[in-house]
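>>> A structural model of the following input is requested.
(2 chains)
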Number of protein chains: 2
Amino acid sequence: MKCVVLLSGGIDSSTTLAIARDMGYDLHALTIVYGQRHEREIGSARKVAASMGVKEHRVIKLADDLFLRCALTGEGDIPTNRTLEEGEIPSTYVPARNLIFLSLAVGLAEVIDADAVMIGATAVDYSGYPDCRPEFLSSFQETSILATRRGVEGKPIKVLYPLVDMSKDKIIRKGIDLGLDYSLTWSCYNGGERACGTCDSCRFRLKGFSKAGLKDPIQYE
Amino acid sequence: MKCVVLLSGGIDSSTTLAIARDMGYDLHALTIVYGQRHEREIGSARKVAASMGVKEHRVIKLADDLFLRCALTGEGDIPTNRTLEEGEIPSTYVPARNLIFLSLAVGLAEVIDADAVMIGATAVDYSGYPDCRPEFLSSFQETSILATRRGVEGKPIKVLYPLVDMSKDKIIRKGIDLGLDYSLTWSCYNGGERACGTCDSCRFRLKGFSKAGLKDPIQYE
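As a prediction, the model looks like this:
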């Protein structure tokens, strides 16, 4: 029983990989490189994949210029201390990212005859992204059934998103329970030797560890 | 008013581009290269795009190894004289292709602030592909609304598939009406100097021209 797990090397996707392992799946990790994602992050994905005993780890590159107009990929500053208006979408939103990533994961799943794809989308602590909401994720499941041979043949590829209603501290505690070594993960939006500790991603991470009553094992500036 | 049109350089996508032009859209063509798609085909896409006055033509490459186990991308023979059982999916099916292509088109549409994406999927003369059916295409529209900033903000990117119920001869007649020069297009699955005339794609093309009472302007072996 195979599962394709989208893996960035951050807290959420790494925990998702640990959950897939715990469910007994043979793990096929898929890392998609785009825009200015730095080597640091891809290295973390590789380390996490190795530590979880994945059968195969594919790293594929997507055309950079598909993802413009986003703080993460080069235009605009990376936000710190973000406070969002009700319903506001953060500047770090990457157009249609999870739609594209899940579509590629489903394509790979069909190629390798996997039963499921898994994504670490969460609508709780890092909210505001339309493509992290459960209504998008369940709609994607329906569309992907209609798109694929396996769907037509009555063996749909399951779309799993186990973190969708979990807060960051709960996610971290789950990962710890499953033996995940968070020192291998990387969350910082900036690509330095040490995490900056001030970008939104670092702040959510630190807050998660703090609420979980744990010390983040990575080093900060 | 901008539209992202998926363009392979074949009959269907080229006609779709002509329809988008006729509808008054500023044209942004997107060609996605994968597997063993040959240069001949990409060259045709470029010529068609130029002839239709597109504002911009992006050609992006997708990791080859995502699309294995498909006659078109290297494993298995390219079928000729195909006869399908009821409900059978052809060996030229590429796993989740239109799901992936449409997702990339929607991502690009959001980046360039386009109002629509358009695909030349047709469920009539070249049927058997799950991801060419109207039920998939309308489901994708719903999912893409949930996935995107524009969807959330009430300005959804339209997903248009004007050929879905048109036969090949009707498609060809439509293109001729709109001034499309089919000598620029390429359909053959094999990458030779002249089209083979015997692969499924050539056969559907030739039959389409024949039924339309027209001579196919490209050269065959």
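>>> list the contacts of residue A:10.
Contacts for residue A:10 (CB atoms under 8 Å, 6 or more residues apart in numbering or on different chains) come out as A:41, A:44, A:120, A:185-187, A:201. Where C-beta positions appear, they are placed from N, C-alpha and C, glycine not excepted.
>>> what do you get if the cut-off is 6 Å, keeping everything else the same?
If a contact means CB atoms under 6 Å, 6 or more residues apart in numbering or on different chains, then residue A:10 has A:185, A:187 as its contacts.
>>> any idea how far it is from residue B:124?
45 Å (CB to CB, to the nearest Å).
>>> can you give me the strands in chain A?
Assigned by DSSP state E, the strands in chain A fall at A:2-6, A:26-33, A:56-61, A:116-118, A:158-160.
>>> go through stretch A:19-38 and flag the buried ones.
Neighbour counts over stretch A:19-38 (16 or more other CB atoms under 10 Å in any protein chain shown) mark A:19-21, A:25-35, A:37 as buried.
>>> err, stretch A:106-116, not the other one
Buried positions in stretch A:106-116, judged by neighbour count with 16+ other CB under 10 Å: A:106-112, A:114-116.
>>> equivalent analysis for stretch A:132-147, please.
Buried residues in stretch A:132-147 (16+ other CB under 10 Å): A:132-133, A:136-137, A:139-147.
>>> among the residues you listed, which two are most distant?
Pairwise distances among these were taken by CB to CB; the largest, 22.3 Å, belongs to A:132 and A:146.
>>> I'd like to know how far residue A:117 sits from chain B.
10 Å (CB to the nearest CB, to the nearest Å).
>>> what about the nearest residue to that residue once chain neighbours are set aside, how many residues nearby?
Nearest residue to residue A:117, sequence neighbours excluded (CB to CB, 6 or more residues apart in numbering or on different chains): residue A:105, at 4.1 Å. Residue neighbour count, defined by other CB atoms under 10 Å in any protein chain shown, stands at 29 for residue A:105.
>>> now swap in residue A:179 and tell me
If we define neighbours as other CB under 10 Å, then residue A:179 has 11 of them.
>>> and it, how far from chain B?
From residue A:179 across to chain B, the span is 30 Å (CB to the nearest CB).
>>> now that residue: phi and psi?
phi 80, psi 20 (degrees, to the nearest 10).
>>> look up the pLDDT of it for me, please.
Looking at residue A:179, its pLDDT stands at 97.
>>> just residue A:165 next, same as before
Confidence score, pLDDT, at residue A:165: 94.
>>> nearest spatial neighbour of residue A:156, skipping sequence neighbours?
The shortest distance from residue A:156 to any non-neighbouring residue, by CB to CB, 6+ apart, is to residue A:145 (4.5 Å).
>>> correct me, but the one you found touches residue A:152?
No: applying CB atoms under 6 Å, one finds residue A:145 not in contact with residue A:152, separated by 8.3 Å.
>>> could you list every residue that touches the residue nearest to residue A:117?
A:4, A:6, A:30, A:117.
>>> before we move on, back to that, including pLDDT, could the buried residues of stretch A:106-116 go into CSV?
Below are the buried residues of stretch A:106-116 laid out as CSV (pLDDT from 0 to 100):
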residue, pLDDT
A:106, 96
A:107, 94
A:108, 93
A:109, 95
A:110, 92
A:111, 90
A:112, 91
A:114, 96
A:115, 98
A:116, 98
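>>> for residue A:98, state which of the residues you listed is nearest.
residue A:106 (12.0 Å).
>>> for the closest one, what are its contacts?
A:117, A:144, A:157, B:96.
>>> just the buried residues out of the residues you listed, in ChimeraX syntax.
Buried subset of the contacts of residue A:106, written as a ChimeraX selection, criterion 16+ other CB under 10 Å:
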select /A:117,144,157 /B:96
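>>> now for the nearest residue to residue A:215 once chain neighbours are set aside, how many residues are close by?
Distance criterion CB to CB, 6+ apart; nearest residue to residue A:215, sequence neighbours excluded, is residue A:209 at 6.6 Å. Counted with other CB under 10 Å, residues neighbouring residue A:209 total 19.
>>> ok, residue A:209 to residue A:141 distance?
32 Å.
>>> for residue A:130, same thing?
16 Å.
>>> returning to what we had before: among the contacts of residue A:105, which pair sits farthest apart?
A:30 and A:117 (8.4 Å).
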